[in-house]
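Trainee: give me coordinates for this.
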Amino acid sequence: MVGLLAAVCLSACPAGAQVSNDDFNALKKTVEQLVDKVQKLEQTHVSDAQTHQQDMAQIQQLQLKLEQTQQAARNAESQGATAAQSQQLARMPLDETTVNHNFMILGDAEFQYAKTSGQHGAFLLADFAPIFLYRAGSNILFEAGFDFTMQNVAPAGSGYNTAINLSFAQLDYVINDYATFVAGNMLLPLGTYSERTAGWLNKFPDDPLARDLVPGSGVGVQLRGAVPLGESGKLFNYAVFGVNGPSSADGTGKAGSLDLGGNVGLRSDNAVANLHGRPVGGARFSLFLPFKPHYDLEVGLSGQSGQWDDAGQHLWSAGLLDMSLHLGPNFEVKGEYVKSRYGSDDFGLIHPQGWWVQAGYKLAGLNLEWPVINNLELVGRYDSVRDGLGTRTRRASVGYVYYLSNTLLFEGDYEFVHSSDVTQSANQLILQLSYGF
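Mentor: Presented below is the predicted three-dimensional model:
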């Protein structure tokens, strides 16, 4: 410091000049301030170096933790894949928790009162139709539906009979997102009525007349699914099946022996049941076109064909065109056209055909804020059928559905029936209380 001060003095002062004490002290103070600044800069540099070292250490620790996390994720993914494979190979444990989680009971129940012109009014029907659903794995499903019905046996006897029918029982194997394999006693995709509208889902207490021209179920196998068309919700639906199909009730090829219910198992005389040599095939293809929420159109084409008599000389065939349209949450219209034909020994080639269309409008769409009105839906249906043997029946129905809740419905309709068979021309009023669960 002294040397630096002396050097400054020598350089700043001419030779032989005298430096006053004030100048010397001022110069000394300036030098001390410079030295202090230099020391502070050195300390700041040392502190920055230490902070950099700490930051580098933290970065190394974070990189190590990231590598450990990635390795744990890879291990978990590998273990999950292994567990999924072992789950597919091994049966799921049937403990109480698993069974309750994978087993469900759904279904519906209906109670009817009917008054037919010229007859006494009566409680006509009590029906209980449970559906049992079981999920056996990630891609194995089982479903079965039954119908328990009561029927008056008068005048042949007293009291009533209780009938139990197996509506369907099928095993579904989900192959992928676009295909499912089905085997068993299946609801057939001939139109959409059997799969989507029957039971309490139907807004009328009885079935359309034309549904008597085609079977509702069959025993066999099926491949079905849907393929998306773009990203707007449009779908191409398909179903291809092979079943026993219609058969002869008595082994003959007469028109009156046609049995659309088909058969399986043993006959009453313990002979093999199937009275025709080959199973029948069928398919349904449709397009589902949504416009916006609650606005959509679906159009489908389906059919089935095959032998029906024991001798294998006659074919039974049917084709259906179905349509469903929704215009908002309150209005819908749907219908089907059915055309079939079959050969017979006594009447030759027979051409039954029929169609039905129905519409419904929920009065909540009027925005009246009236409690009774908001729970009411008005419905109408027109259906017609020709049996191919000279009888034509037409029916016009008007009715309502009152929604006591989303699943408890009070339905009623009045039917105007006109038929070339005078025994069938009888108007009737039907009231039904139905519950879906």
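Trainee: scan the chain for its longest strand.
Mentor: For the chain, the strand that runs over the most residues, judged by DSSP state E, is strand 160-176.
Trainee: hmm, residue 144 is touching residue 131, no?
Mentor: Yes - at 7.1 Å, residue 144 and residue 131 qualify as touching, with contact defined as C-beta atoms under 8 Å. C-beta: built from backbone N, CA, C; applies to glycine.
Trainee: which helices and strands does the longest strand of the chain pack with?
Mentor: strand 140-152, strand 179-187 (3 or more C-beta pairs under 8 Å, 6 or more residues apart in numbering; DSSP states H and E).
Trainee: and the longest one, which residues are buried?
Mentor: Buried residues in strand 140-152, defined by neighbour count with 16 or more other C-beta atoms under 10 Å: 141-146, 149-150.
Trainee: in a markdown table: these, plus distance to residue 245 and pLDDT.
Mentor: Output for the buried residues of strand 140-152, formatted as a markdown table (distance: C-beta to C-beta, whole Å; pLDDT from 0 to 100):
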| residue | distance to residue 245 | pLDDT |
| --- | --- | --- |
| 141 | 25 | 94 |
| 142 | 23 | 94 |
| 143 | 22 | 94 |
| 144 | 21 | 94 |
| 145 | 20 | 92 |
| 146 | 23 | 91 |
| 149 | 25 | 87 |
| 150 | 31 | 82 |
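Trainee: kindly indicate which of the residues you listed lies nearest residue 256.
Mentor: residue 149 (25.1 Å; C-beta to C-beta).
Trainee: tell me what that closest one is bridged to.
Mentor: Assessed by DSSP bridges, residue 149 has beta-bridge partners residue 127, residue 163.
Trainee: can you give me the strands for the stretch 151-300 of the chain?
Mentor: 160-176, 179-187, 217-228, 235-243, 247-248, 258-259, 280-292, 295-307 (DSSP state E, counting those that start in this stretch).
Trainee: do the same with the stretch 301-437 of the chain
Mentor: Counting by DSSP E, counting those that start in this stretch, the stretch 301-437 of the chain has strands at residues 315-327, 331-344, 348-350, 353-362, 376-386, 392-403, 408-419, 428-436.
Trainee: check which helix or strand residue 61 maps to.
Mentor: helix 21-89 (DSSP states H and E).
Trainee: I'd like the average pLDDT over that helix.
Mentor: Averaging pLDDT along helix 21-89 yields 69.
Trainee: same question for stretch 290-308.
Mentor: Mean per-residue pLDDT for stretch 290-308: 94.
Trainee: now do it: distance to the chain's middle.
Mentor: With C-alpha atoms, centre = their mean, to the nearest Å as the basis, stretch 290-308 stands 15 Å off its chain's centre.
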